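Visitor: what shape does this take:
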Amino acid sequence: MSNSDREAFRALAVELQILEGTAETVQARLNLVNAALTELSIARMTLDGVEKETPDASLFIPVGGGSFIKAKLESNEKVIVGAGAGVSIERSVAEANEMLQSRVSEMEKTRTSLQQQLVQVVGRIQEDRGKLQDLSAKLSQAGRRASVSKAKGRS
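Guide: Next up is the predicted model:
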């Protein structure tokens, strides 16, 4: 068993741990982006539905936890849309939909980038696992040879 093989084994094991942590982080980010995309899609569908309603229509407004309140639609022409950094602005439904579509496009680009990163990291993990198995077999074989040599020396 050469020291360089042992060092290579240790270095590869550490790199594998780091790559697995990276894969988990990228996957977590991907989950957040997917959740944001779902939220944006629901917002767009809701705006489409509101646009088709008449003023004074009865609506159920979600308040969280599967609970709703009943409300009347005052206007289907203007909505309040988050512009970022805690700022909200009044826009027409069409403008709000455009803003949401722009966000969807950005999120989809981010998702594509994260998916590519994940594929690269997973590929590298698989590569390193193969190398680690090869080194492990090599070190195991060298260890058996050393044990046999010691046993013959005692006889």
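
Visitor: max-length helix in the protein?
Guide: Taking DSSP state H as the criterion, the chain has its longest helix at helix 93-154.

Visitor: so what's the spatially closest residue to residue 138 that is not a sequence neighbour up against?
Guide: Excluding its sequence neighbours, the residue lying closest to residue 138 (Cβ to Cβ, 6 or more residues apart in numbering) is residue 5, at 6.2 Å. In this view, the C-beta of every residue, glycine as well, is placed from N, C-alpha and C. Taking Cβ atoms under 8 Å, 6 or more residues apart in numbering, we find residue 5 in contact with 135, 138, 139, 142.

Visitor: for the record, mean pLDDT for the longest helix of the chain?
Guide: Taken as a whole, helix 93-154 carries a mean pLDDT of 88.

Visitor: kindly report the same for stretch 60-73.
Guide: Here the average pLDDT along stretch 60-73 is 91.

Visitor: what's the answer for stretch 42-54, then?
Guide: Stretch 42-54 comes out at a mean pLDDT of 90.
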